[in-house]
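*Asks:* okay, here's the prediction I keep looking at, along with the sequence it came from:
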Amino acid sequence: ACHPSKVGKTSARLLETGGTASVRFWVNTALWKQPSGPVFLLIGGESSLSEYDVLSGEHVDLAMKFGALVVAAEHRFYGRSIGVAGLEISNLQYLSSQQALADLAVLHANLSHRFNLPRNHTWISFGGSYPGSLSAWFRLKFPHLVFAAVASSAPVRAQLDFQDYNKVVANSLSDPMIEGSKECVANVRSAFSTLDAALEKGMPFVKHVAKHFNTCTIPNSLKDQGQLVSSLADIFMGAVQYNGELVGINVADLCNTMVNSTMSPYGALQTVANREDLPCLDIDFAHFLKFLSNTTRVKMIGVGERQWYFQTCTEFGYYQTCNVSLGCPFSKFMSLNNSLIACSKVFGTEASELTHSVAFTNEFYGAAHPRGSRILFVNGDIDPWHALSILRNETVSETAIYIRGTAHCANMPSAMSTDPRSLRLARQVTPPLWLEKAIYYISRVCFHIV
């Protein structure tokens with residue numbers, strides 16, 4: 001069995017203030033072929049990590065094969081890696097992908113000293129989703145520290161208005177490989193079209209909508225109506241993004257309901273929505289702003305919503321809007337407006353500033369053409385985030401694996417008997433040949449394997 005060492009902390013200098021930021025990390029030495037086995041670094045992102053991140057997952061399975069030291073590092077301002085000053089805007093100025101990469105460099109120095117690792121020791125980074133981007137960028141910006149990177153479901157191209165997200169959702173809802181169908185996506189479109197028409201008619205139709213979807217308040221304003229339709233669309237978007245990866249969340253069940261011949265598409269949408277275990281659906285935009293404005297350190301596990309929204313407002317955008325004419329199956333009320341208002345009201349970031357920030361992010365990291373080396377991008381074609389990732393080989397050693405029928409970060413858990421054939425085949429080429437040969441060569445030199 002693998003057992004992590006005691007949780008450690010490292011401090012990253014904040015050059016702007018001369019202060020420090022504590023970042024949690026875990027180390028599993030049980031698999032390590034000392035002293036020369038590589039270091040496999042799992043990078044954290046917009047949610048907390050735990051000791052299980054050095055005990056299970058594809059990176060741990062690979063560590064068993066290659067005798068690696070396994071490390072997992074939490075992202076600053078997430079989980080328990082939040083400074084004592086909390087989440088005030090004056091502190092969030094130190095929350096960025098660039099600062100996160102600098103923290104990884106400090107952790108690299110800390111562990112290299114602790115385990116007496118030479119400067120040329122082999123480190124390989126892993127990450128999925130935003131941490132997948134960080135993994136690629138760590139290799140890109142610190143090539144002298146990390147030998148290679150695996151970036152799963154990594155949206156390396158920032159985009160303010162991410163319309164392609166819901167185009168992929170529509171395609172996935174119609175994909176028979178995951179038990180979607182053309183009838184399913186057509187009924188989803190019909191249901192939201194009926195909902196939009198009711199909202200446009202005003203009272204008393206809006207009151208009927210509130211009753212149909214058990215909202216806590218009447219969605220009178222465009223902002224509240226945007227919250228309502230986004231909440232309903234999230235059910236389908238989540239089922240596509242995490243299809244089969246979370247209990248009870250899959251396209252097959254949703255589509256079975258949406259094509260039920262005993263209900264109209266609009267009635268089926270009500271059935272889907274009212275499955276949520278909530279006393280009522282909060283669609284008050286003012287409540288949403290209040291939630292994002294909470295600066296207390298109350299949530300130490302799961303996703304840090306305020307922090308992540310700050311990063312979208314200052315670096316990435318990623319707002320999933322709906323342009324019905326371009327194939328989105330949801331509501332035209334899902335516009336960019338609510339997201340831009342939230343950025344302005346909560347963080348003081350105006351639309352023009354955010355546009356420049358997104359452009360800078362793409363210039364700084366290279367967007368969809370980073371031109372790095374020894375970076376492997378892994379994506380599934382169901383996952384809507386693949387639209388912002390890299391799907392084809394960029395160079396000889398900046399390679400891509402595109403897996404049919406898999407969703408967000410599907411390759412990152414350990415292999416299971418229920419994995420689709422496409423994922424099983426993909427695992428046979430992960431890591432790619434250049435990475436496997438490099439690790440084998442290092443082992444051969446250090447251990448004199450013949």
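*Replies:* Cool, the structure landed.

*Asks:* which non-adjacent residue is nearest Arg392?
*Replies:* Ala400 (5.5 Å; C-beta to C-beta, 6 or more residues apart in numbering). Where C-beta positions appear, they are placed from N, C-alpha and C, glycine not excepted.

*Asks:* cool, Tyr309 as well?
*Replies:* Per C-beta to C-beta, 6+ apart, closest to Tyr309 is Leu292, 5.5 Å.

*Asks:* the one you found contacts Ser344, doesn't it?
*Replies:* No - look at Leu292 against Ser344 with C-beta atoms under 8 Å: they stay out of range, at 11.6 Å.

*Asks:* when the two are compared, which one has more neighbours?
*Replies:* A count of neighbours by other C-beta atoms under 10 Å puts Leu292 above the other of Leu292 and Ser344, at 19 against 15.

*Asks:* what pLDDT does the more buried one get?
*Replies:* Note for Leu292: predicted pLDDT of 96.

*Asks:* same question, Val303
*Replies:* Val303 is assigned a predicted lDDT (pLDDT) of 88.

*Asks:* Ser48 versus that one, what's the distance?
*Replies:* Between Val303 and Ser48 the computed distance is 8 Å (C-beta to C-beta, to the nearest Å).

*Asks:* over to Pro420?
*Replies:* Distance from Pro420 to Ser48, by C-beta to C-beta: 29 Å.

*Asks:* quick one, which of these two is more surrounded?
*Replies:* Ser48 (20 against 17).

*Asks:* where does the nearest residue to that one once chain neighbours are set aside sit: helix, strand or coil?
*Replies:* With sequence-adjacent residues excluded and distances taken as C-beta to C-beta, 6+ apart, Ser48 is closest to Gly79, at 2.9 Å. Under the three-state scheme (DSSP: H, G, I helix; E, B strand; the rest coil), Gly79 adopts coil.

*Asks:* residues contacting Gly79?
*Replies:* Contact analysis of Gly79 by C-beta atoms under 8 Å, 6 or more residues apart in numbering lists 24, 44, 47-49, 300-301, 304.

*Asks:* can you tell me the SS state at Asn343?
*Replies:* No, residue 343 isn't Asn; it's Cys. helix.

*Asks:* wait, it touches Thr355, no?
*Replies:* No - in this structure Cys343 lies outside contact range of Thr355 using C-beta under 8 Å: 11.0 Å.

*Asks:* neighbour-wise, which of these two wins?
*Replies:* Neighbour count, other C-beta under 10 Å: between Cys343 and Thr355, Cys343 has more, with 23 against 14.

*Asks:* name the nearest residue to that one, ignoring sequence neighbours.
*Replies:* Cys313 (3.8 Å).

*Asks:* separation between Arg404 and Ala158?
*Replies:* Distance, Arg404 to Ala158, using C-beta to C-beta: 27 Å.

*Asks:* coming back round to it: so which of the contacts of Gly79 belong to strands?
*Replies:* Counted as lying in strands by DSSP state E, out of the contacts of Gly79, are Arg24.

*Asks:* could you turn the buried ones of the contacts of Gly79 into a ChimeraX selection?
*Replies:* In ChimeraX, this line selects whichever of the contacts of Gly79 come out buried by 16 or more other C-beta atoms under 10 Å:
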select :24,44,47,48,49,304
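
*Asks:* which of the contacts of Gly79 scores worst on pLDDT?
*Replies:* Within these, lowest confidence goes to Met300 (73).

*Asks:* give me the nearest residue to that one, chain neighbours excluded.
*Replies:* That would be Arg80: by C-beta to C-beta, 6+ apart, it lies 5.1 Å from Met300.
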